[in-house]
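>>> model this:
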Amino acid sequence: MKRIIIETPDSVSAILVDARWEAVGKLLPDSGAVIITDNNLFEIYSDRFPALPVIKIKPGEESKQLSVIEKLSGDLLKKGIDRSGFILAIGGGVVCDVTGFLASVYMRGIRCGYVSTSLLSQVDASTGGKTGVNLGKVKNIIGTFRQPEFVICDTTMLRTLPEDEYLSGMAELIKTGLIGDKTIIETLESNYSGIMKRDRALLADLVYRSVKFKADVVAKDEREAGLRRTLNFGHTFGHAIELHNVVSHGFAVATGMELATLFSYKKGFMTKKECTRIIDLLRKYNFNGNLSMPVGKVRELILHDKKKTGDEINFVFLKGVGKVSVMKLQVSEIVDFYRQFKG
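I've put the predicted structure just below:
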């Protein structure tokens, strides 16, 4: 087991990589704790849950709504959870998002911790303290910053993921390598077979490096005032694609990264060889770049992005593998690039 500590002005969060999730009981208070999970995870793992009350939500994005937060708050009240209470999330990104948001607003804030069960959640969603629910079809527009007391990333749990969910997480792993830790990219390029077979040692190492990189960024810029913006590489196009195509986050972000890479090349920030290397890696992990949006919808969808200020948006470019730059662009310039790309 490897421990990574995220210290911010208001909190300390421990990320435990390759720890056994069944030992989570040792991290919980003696009383006043409750589990939030989804129906799928409950079916697979409930016989090994700590002996605590369990609240289940539906899997998927439909649970990321304020109406669900309202219902869960009522459930906590019925179970006698007060300001000294603790919520344990056992699930992927949706469960952790919902739990973190709930913990941040219920009785103006109670404690929480996560058992992160998906690759997407382990390498990205459960680390960093961002929580959020959707407003209609607009993703994560209502949210808070809330660091969990701990996150357990047990890579043995990744064996039960459906293939698409596993690959969805791989996109965020690729993103981390592209923006900051190029050794991740080298491992992904040279160990394809082992990674696709979900080799535990390989995954534990990759998850650790990804979390370590993100933890360093979050510790320096918890509220996304500067450095943390680099973590949004591929997300300007990706969130729009996700919204339009109703596909999983990772597949949309993979297409967004391809577009951002091509945009970076068009801007002269990288060589053709570097651009090809990145797109070849995306293809290797079955991201074929065939998700798209009508040109007429691009502006409308990008204007829903939380990173927008007026008609400008902070766009993340690459200057090669492991080298990143954030530039404020007019939304019209981003739309013009997409129009040319589609043409």
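>>> now the one helix or strand Phe237 maps to: buried residues?
Per DSSP states H and E: Phe237 is located in helix 235-245. Residues 235-244 are the ones in helix 235-245 that count as buried (16 or more other CB atoms under 10 Å). C-beta here means a position set from N, CA and C on the backbone, and glycine is covered the same way.
>>> output that helix as CSV, nothing but the C-alphas.
Output in CSV follows, covering the C-alpha atoms of helix 235-245 (Å, rounded to 0.1, in the frame of the first residue of the first chain):
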residue,chain,number,x,y,z
HIS,A,235,-12.5,18.6,-21.5
THR,A,236,-13.7,21.7,-23.4
PHE,A,237,-14.6,19.6,-26.5
GLY,A,238,-15.0,16.5,-24.3
HIS,A,239,-17.9,17.8,-22.1
ALA,A,240,-19.7,19.1,-25.2
ILE,A,241,-19.3,15.8,-26.9
GLU,A,242,-20.5,13.9,-23.8
LEU,A,243,-23.5,16.1,-23.6
HIS,A,244,-24.4,15.8,-27.3
ASN,A,245,-23.7,12.1,-27.7
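>>> C-terminal to it, what's the next element?
As assigned by DSSP H and E, the chain's next helix or strand after helix 235-245 is helix 249-266.
>>> tell me which helix or strand comes right after that next one.
Proceeding N to C from helix 249-266, the next assigned helix or strand is helix 272-284, under DSSP H and E.
>>> how far is that next one from where the chain is centred?
23 Å (CA atoms, centre = their mean, to the nearest Å).
>>> in this structure, where is pLDDT below threshold?
306-308, 343 (pLDDT under 70).
>>> wait, doesn't Gly143 sit right on Lys130?
Yes: between Gly143 and Lys130 a contact is recorded at 6.5 Å, counting by CB atoms under 8 Å.
>>> picking up where we left off before, now for the helix holding Phe237, which elements pack on it?
strand 138-145, helix 249-266, helix 295-302, strand 312-318 (3 or more CB pairs under 8 Å, 6 or more residues apart in numbering; DSSP states H and E).
>>> tell me which of Gly143 and Lys130 has more neighbours.
Ranked by neighbour count (other CB atoms under 10 Å), Gly143 and Lys130 place Lys130 first, with 24 against 18.
>>> show me the contacts for the most centrally placed residue in the chain.
Centroid check for the chain by CA atoms, centre = their mean gives Ala125 as the closest residue, at 2.9 Å. Counting by CB atoms under 8 Å, 6 or more residues apart in numbering, Ala125 touches 92-93, 96-97, 116, 172.
>>> filter the residues you listed down to the buried ones.
Burial by neighbour count, judged by 16+ other CB under 10 Å, picks out 92-93, 96-97, 116, 172 from the contacts of Ala125.
>>> from these, which land in helices?
Counted as lying in helices by DSSP state H, out of the buried ones among the contacts of Ala125, are 93, 96-97, 172.
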